[in-house]
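1. Sequence plus the predicted model coming up.
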Amino acid sequence: MKQVIALKDVTHLKASGARTFAAPTDAIVTPSAKDFLRSIGVTIQFDGTSASANGGGSNGGDPYGAPAPAAATPKWKAEHVKLFNSPEAQRIKEHIVSVSHRLWKREYVDGNGGNVSYRIGPNEVLCTPTLVSKGIMRVEDICMVDLAGNQIAGTAKRTSEIFLHLEAMKAQPKARACVHAHPPHATAFAITGAEVPRCMIPEMEVLVGTVAKAKYETPGTQAFAETVLPYCKDHNCILLQNHGVLTWNEDLEKAYWFMEIVDAYCRTVVIASHLGAAFTQIPSSKIGDLLKIKQGLGLPDERTGLKEADYCACEFRPGVVCANPGEGSAQSPDLDSIVKIVTEEVMKALNK
Ligand SMILES: [Zn+2]
């Protein structure tokens, strides 16, 4: 006879802090028990084959349909287990948990959204798991994948959005740490045609700079992961259209800072938009000073090599999309000379 697992059979798990709940393969889990397990972030393991607490079937309940999870008791390679349990890995896992908690407390993530990763070895990346709120993330939840996204250590299943981080890491060697979240103010820019304006606040210019916007793709897919590829070289902060934000750095703490900075900046711009007065930009000549500081910090900026006059090429008005600095610098002088030539020709004709 099949075992029925009801709410009363799982309520004790909340106090235990368990992440998994073992059940016979053919057990029936009542909807209220499933809801409860999901609410406390516990995964049901049906006799060694992991299934999610929401009964999501073969995809393990991942909202973005990631591949089936690794076996519940996998035989990880000894070298990976050694690295995964090393003091260095422990320190990074604790840092990932700290960042996760701060992302949640600042309301940059919701539900099980957002993910954090760190490239600990040439082919090894520590990352947050799927289906666990960043608000209750624990060191034991962190897992490890290779650069292809295969899980190579850890008991919780890796996030399906890890592919986004891995593409950034492969394209940009300095991207050892990646943070992905859905902070509301920056994401507001990611769901509209409004561009994040330039040259308004020094800290933004020095640490983040111009913000790229990657095109929309279905989260969790390889196509989604590759949307950031054109921007990883010159940007450490990328808006993901209709989705959220990705930031990266060699240092995990700084990758997290950039998330705070871009959202605070976007929030300030949104508030300023309500004041009804024109925006004031920092003069281009002063932006040059900030870009020198930025270069000294080893941070990329797409304006490197541009003429000073083009640093803040576009006057910001809400809803107006500016050309990229490179495009703007190529076009403005030509347009100016065309206007000059036409004006001179018109004046000549009028004076005849
Ligand atoms: Zn996301």
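-> Nice, thanks for sending it over.

2. pLDDT wise, what is the spatially closest residue to Ile162 that is not a sequence neighbour at?
-> If the residues on either side of it in the chain are set aside, Ile162 comes closest to Cys127, at 5.1 Å by C-beta to C-beta, 6 or more residues apart in numbering. Where you see a C-beta, it was placed from the backbone N, CA and C, and this is true even at glycine. Model confidence at Cys127, given as pLDDT, is 97.

3. So what does Cys127 have for phi and psi?
-> Dihedral angles phi and psi of Cys127 (degrees, to the nearest 10) take the values phi -150, psi 160.

4. give me the beta-bridge partners of it?
-> Residues found in beta-bridge contact with Cys127 (criterion: DSSP bridges) are Ser117, Cys143.

5. List the contacts of it.
-> Residues touching Cys127, when contacts are defined by C-beta atoms under 8 Å, 6 or more residues apart in numbering, comprise 96, 115-118, 142-145, 158-159, 162, 165.

6. can you list those in CSV and add distance to Asp251, neighbour count and pLDDT?
-> As requested, the contacts of Cys127 are exported to CSV (distance: C-beta to C-beta, whole Å; neighbours: other C-beta atoms under 10 Å; pLDDT from 0 to 100):
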residue, distance to Asp251, neighbour count, pLDDT
Ile96, 13, 26, 97
Asn115, 18, 26, 96
Val116, 13, 29, 97
Ser117, 13, 32, 98
Tyr118, 10, 25, 98
Ile142, 18, 29, 96
Cys143, 21, 24, 96
Met144, 19, 25, 97
Val145, 20, 23, 96
Arg158, 22, 29, 94
Thr159, 21, 29, 92
Ile162, 19, 26, 95
His165, 15, 29, 97
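
7. May I see the residues you listed organised as a markdown table, with distance to Leu7 added?
-> Formatted as a markdown table, the contacts of Cys127 follow (distance: C-beta to C-beta, whole Å):
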| residue | distance to Leu7 |
| --- | --- |
| Ile96 | 32 |
| Asn115 | 30 |
| Val116 | 32 |
| Ser117 | 35 |
| Tyr118 | 38 |
| Ile142 | 29 |
| Cys143 | 29 |
| Met144 | 34 |
| Val145 | 34 |
| Arg158 | 29 |
| Thr159 | 28 |
| Ile162 | 33 |
| His165 | 37 |
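
8. Confirm for me that Ala177 is in contact with Leu246.
-> No. Counting by C-beta atoms under 8 Å, no contact exists between Ala177 and Leu246, whose distance comes to 11.3 Å.

9. Comparing these two, which residue is more hemmed in?
-> Leu246 (31 against 27; other C-beta atoms under 10 Å).

10. Who are the packing partners of the strand or helix carrying the more buried one?
-> According to DSSP states H and E, Leu246 maps onto strand 244-249. Other helices and strands packing on strand 244-249, by 3 or more C-beta pairs under 8 Å, 6 or more residues apart in numbering; DSSP states H and E, are helix 162-171, strand 177-181, helix 184-190, strand 237-240, helix 252-273.

11. if you set the cut-off to 6 Å instead, what comes out?
-> When contacts are defined as 3 or more C-beta pairs under 6 Å, 6 or more residues apart in numbering; DSSP states H and E, strand 244-249 sits against strand 177-181, strand 237-240, helix 252-273.

12. Quickly compare these and say which is most buried.
-> strand 177-181 (a mean of 29; mean count of other C-beta atoms under 10 Å).

13. Could you list the paired strands of that one along with their orientation?
-> In the sheet, strand 177-181 lines up with strand 115-119 (antiparallel), strand 244-249 (antiparallel) (DSSP bridges).

14. Now distance to Val29 too, for those strands, in a markdown table please.
-> Converted to a markdown table, the strands paired with strand 177-181 look like this (distance: least, C-beta to C-beta, whole Å):
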| stretch | distance to Val29 |
| --- | --- |
| strand 115-119 | 27 |
| strand 244-249 | 32 |
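
15. Quick one: residues contacting the residue nearest the centre of the chain.
-> By C-alpha atoms, centre = their mean, the chain has its centre lying nearest to His180, at 1.8 Å. His180 is in contact with 114-115, 246, counting by C-beta atoms under 6 Å, 6 or more residues apart in numbering.

16. quick check: angle from the strand holding Leu246 to helix 252-273?
-> Taking axes from the mean of the first three to the mean of the last three C-alpha atoms, to 10 degrees, one finds strand 244-249 and helix 252-273 inclined to each other by 140 degrees.
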